[in-house]
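Visitor: my questions are about this predicted structure, shown below with the sequence.
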Amino acid sequence: MASACRSVLSKPTSIPPRRNPPLLASKKNQNQCVRFQTVRCAMQLDLKEVATVKEEPKLSFSGRLDAVSEVDLREKGFLGLRKTKLVCTVGPACAQPEELEVLACCGMNVVRLNMCHNTREWHREVIRNVKSLNEEKGFNVALMIDTEGSQIHVIDHGGSSSVKAEDGSAWLFTTEKYEGFRPLVVQVNYDGFSEGIVVGDELVVEGGMASFKVTGKIGKDLRCTCIDPGLLLPRAKLSVWRDGKLLDSNPGLPTLSTKDWADIDFGISEGVDFIAVSFVKDANDIRQLKSYLASKSSESIRVLAKIEGLESLQNIEDIIEASDGIMVARGDLGVQVPLEQIPTIQEEVTRLCRQLNKPVIVASQLLESMIEYPIPTRAEVADLSEAVRQYTDALMLSGESAVGSYAEKALSVLCMASCRMELWSREENRQSLLSQDQLAVSLPERIAEQICNCAVDIANNLGVDAIFVYTKHGQMASLLSRNRPDAPIFAFTDSRSTRKGLNLHWGVIPLEVPLSDDMEYNVVETINLMKVGGALKSGDSVLVVSDISPTSAMSAMSQSVLVRTID
Ligand SMILES: Nc1ncnc2c1ncn2[C@@H]1O[C@H](COP(=O)(O)OP(=O)(O)OP(=O)(O)O)[C@@H](O)[C@H]1O
Ligand SMILES: CC(=O)C(=O)O
Ligand SMILES: [K+]
Ligand SMILES: [Mg+2]
């Protein structure tokens, strides 16, 4: 386990002291001041007034911190806990139980299974291995399936891993199915791919690996000449351009194909936590899947929209609002938009997601060179650090973990670089730069939102060690996370799916515990739980927020914020 968490970037460094000591920084003074201090926010009532269950509750708390947070907390303290979440694509290089365990102990929060590859039986085995790890070894790794979508790509040509296309060479792009390798012939996966393509159009491979001009059509096949030499890789993606503009090369294809629906049914039956939808065009794609999940009583599965095409960018706000989270899928995005636009798109989508309170994953080629090499390039470290500086919720590994030789090292690089940038951002107090527009519509929601904004201000100003939030569906945990507080957010929920869903949220450490309607009881029990586990010590201070049963404006007003010093 120790080696799994070793850094290839630098030795872990201790957290330097803050420049402005927070109000509660002196533990000695804290112990002398009021033990139980309630800070009222706007119309809020004291927690003690919230209690609706008068008799002594008899719940026993069995929930534990996940194995990784427990070790991190012991070794690095509250401020040493990493806030940025890490997603790993699982492929043949890391699918065995012991390999998954190494990644889990190295900080993997979510496993991504790309349904483009391999069989359902293979994916089922991985899902079961991850669930066993969680149950038997105390990890809290969530599961995501990623749909294949309707994507036009080259079929594995069966030859060497890449084929060179020389300038001026003549090629045939065909939908004919054949086995083995034929020189100067490219097999395309979708029968209707050449519909709408005319002589003179350009076929671009993988956003510019190689380009071809269409010189003739023979039935469904295209004769082409290479006009920009380069490489054809197995499963390379194709885009079609006319007069410098991208054509929608598969206008008739739905976002979710028949195979995708079968994969979604598979995900439901295997109990995955997230479904990431590839090539989302508009919010209806997401709504359609959400209502399908509701009809299967699986609305607890969170739906992520992958932003990887022009259309998704045109409908970005609606898509973010309709979904439970976003993935900036820079791989395919780079096939459809000029590469120099990707950094600004990433920053804008990341900002919008935070504004609209949805978690966002920055994905693809973060550490591409580590598929082959044991250290990253300087540029890769700079790129992923920039995503962390932009306060993305999560970073994702693709080929680096799925097929690379150094999955564990790549994950350590993500860990070290994100912790380093989080520390820097905290020191610079960057979080105050983002103005939070009001999101909520109804009074209870507005109250919840304002409480969370104020609570984070209070937590930062007082320099509390941790934020505790008691939450049914994760809403207040998410609203707190949106403010990117200095202290980690421990989210206590009695819903397993809420716990798993919160795995993707910046700075949230979710725990599953039975919750009582008596908030005072919840606070005492969870503080005891964390003390017994060694996570909380005497003199630590905790800011407490709750959204338990905000079913009406009246009960929403009973949400409270309080600060408690542990005795
Ligand atoms: N389950 C798997 N089985 C075999 N190979 C896999 C698997 N998952 C990923 N890979 C390999 O890892 C590489 C990177 O994986 P990833 O799934 O991230 O591809 P991607 O092209 O970025 O995703 P998408 O197809 O969603 O755009 C793939 O090209 C594939 O070779
Ligand atoms: C992750 C993914 O689908 C992409 O980058 O294209
Ligand atoms: K996919
Ligand atoms: Mg993609």
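Guide: Good, I have the coordinates. None of these values were measured; they are calculated from a predicted model. Ligands and ions are numbered 1, 2, ... in the order given.
Visitor: quick check: mean pLDDT across the helix ranked longest in the chain?
Guide: Assignment by DSSP state H gives helix 407-428 as the longest helix of the chain. For helix 407-428, mean pLDDT is 94.
Visitor: burial measure for residue 530, as a count.
Guide: 24 (other C-beta atoms under 10 Å). C-beta here means a position set from N, CA and C on the backbone, and glycine is covered the same way.
Visitor: what's near enough to touch it?
Guide: 65, 490, 536 (C-beta atoms under 8 Å, 6 or more residues apart in numbering).
Visitor: following the chain onward from the host helix or strand of it, which element is next?
Guide: Element membership for residue 530 (DSSP states H and E) is helix 519-532. Per DSSP H and E, helix 519-532 leads on to strand 541-546 as the next helix or strand towards the C-terminus.
Visitor: show me what that next one is packed up against.
Guide: Applying 3 or more C-beta pairs under 8 Å, 6 or more residues apart in numbering; DSSP states H and E, we find strand 541-546 packed against helix 47-50, helix 443-462, strand 466-470, helix 475-482, helix 519-532, strand 561-565.
Visitor: measure the closest residue to residue 187 other than its chain neighbours to residue 531 for me?
Guide: Nearest residue to residue 187, sequence neighbours excluded (C-beta to C-beta, 6 or more residues apart in numbering): residue 155, at 4.1 Å. Residue 155 sits 58 Å away from residue 531, going by C-beta to C-beta, to the nearest Å.
Visitor: which positions within stretch 493-506 qualify as buried?
Guide: Within stretch 493-506, the residues that count as buried by 16 or more other C-beta atoms under 10 Å are 493-495, 497-506.
Visitor: report the rounded mean pLDDT for that stretch.
Guide: In this model, stretch 493-506 has an average pLDDT of 96.
Visitor: ok now that stretch, how far from the chain's centre?
Guide: Stretch 493-506 sits 12 Å away from the centroid of its parent chain (C-alpha atoms, centre = their mean, to the nearest Å).
Visitor: span of that stretch from start to end?
Guide: Terminal residues of stretch 493-506 are spaced 17 Å apart (C-alpha to C-alpha, to the nearest Å).
Visitor: just to revisit the earlier point, what about the helices and strands packed on strand 541-546, which gets the closest to ligand 3?
Guide: Among these, the nearest to ligand 3 by C-beta to the ion is helix 475-482 (25.4 Å).
Visitor: how about whichever residue of the stretch 101-250 of the chain sits closest to ligand 2, what does it touch?
Guide: The minimum distance from the stretch 101-250 of the chain to ligand 2, using C-beta to the nearest ligand atom, falls at residue 146 (6.7 Å). Residue 146 sits next to 112-116, 275-276, 278, 306 when contact means C-beta under 8 Å, 6+ apart.
Visitor: tell me the predicted confidence for it.
Guide: Note for residue 146: predicted pLDDT of 98.
Visitor: near ligand 1, which residues of the stretch 201-350 of the chain?
Guide: When proximity is defined by C-beta under 6 Å from any ligand atom, the stretch 201-350 of the chain lies next to ligand 1 at 278, 331-332.
Visitor: so which of the residues you listed is the most crowded?
Guide: Of all these, residue 278 has the most neighbours under the rule other C-beta under 10 Å, reaching 25 neighbours.
Visitor: for residue 481, which non-adjacent residue is closest in space?
Guide: residue 505 (4.5 Å).
Visitor: hang on, the one you found packs against residue 85?
Guide: Yes. Applying C-beta atoms under 8 Å, one finds residue 505 in contact with residue 85, separated by 7.2 Å.
Visitor: shared neighbours of those two, anything?
Guide: Here residue 505 and residue 85 have 359, 393 as joint contacts, going by C-beta under 8 Å, 6+ apart.
Visitor: quick check: residues of this structure near ligand 4?
Guide: 308, 329, 331-332 (C-beta under 5 Å from the ion).
Visitor: helices along the stretch 51-200 of the chain, start to end?
Guide: 67-76, 97-105, 120-137 (DSSP state H, counting those that start in this stretch).
Visitor: so which of those is the most packed in?
Guide: Neighbour counts (mean count of other C-beta atoms under 10 Å) averaged over each of the helices of the stretch 51-200 of the chain peak at helix 97-105, with a mean of 19.
Visitor: distance from the chain centre to that helix, please.
Guide: 19 Å.
Visitor: and that helix, what other elements does it pack with?
Guide: Against helix 97-105 (3+ C-beta pairs under 8 Å, 6+ apart) you get helix 67-76, helix 120-137, helix 407-428.
Visitor: hmm, who's touching it?
Guide: 1, 4-5, 67-68, 88, 90, 93-94, 111, 126, 129-130, 132-133, 137, 139, 141, 401, 407-408, 411.
Visitor: please redo it, this time with the cut-off set to 10 Å
Guide: 1-5, 66-68, 71, 86, 88, 90, 92-94, 96, 108, 111, 125-126, 128-130, 132-134, 136-141, 397, 401, 407-408, 410-411 (C-beta atoms under 10 Å, 6 or more residues apart in numbering).
Visitor: end to end, how far does stretch 298-308 reach?
Guide: Using C-alpha to C-alpha, the two ends of stretch 298-308 sit 26 Å apart.
Visitor: now the helices of the stretch 51-200 of the chain in a markdown table, with distance to ligand 1 and mean pLDDT?
Guide: Formatted as a markdown table, those follow (distance: least, C-beta to the nearest ligand atom, whole Å; pLDDT from 0 to 100):
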| stretch | distance to ligand 1 | mean pLDDT |
| --- | --- | --- |
| helix 67-76 | 23 | 90 |
| helix 97-105 | 13 | 97 |
| helix 120-137 | 6 | 97 |
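Visitor: flag every buried residue along stretch 309-322.
Guide: Neighbour-count burial for stretch 309-322, with 16+ other C-beta under 10 Å as criterion, is recorded at 309, 311-313, 315-316, 319-320, 322.
Visitor: to clarify, my last question referred to stretch 221-237.
Guide: 221-226, 230, 232-233, 236-237.
Visitor: so how far is it off the chain centroid?
Guide: 33 Å.
Visitor: quick check: mean pLDDT of that stretch?
Guide: 92.
Visitor: is ligand 3 contacted by it?
Guide: No. Under the criterion of C-beta under 5 Å from the ion, stretch 221-237 makes no contact with ligand 3; the nearest approach is 10.8 Å.
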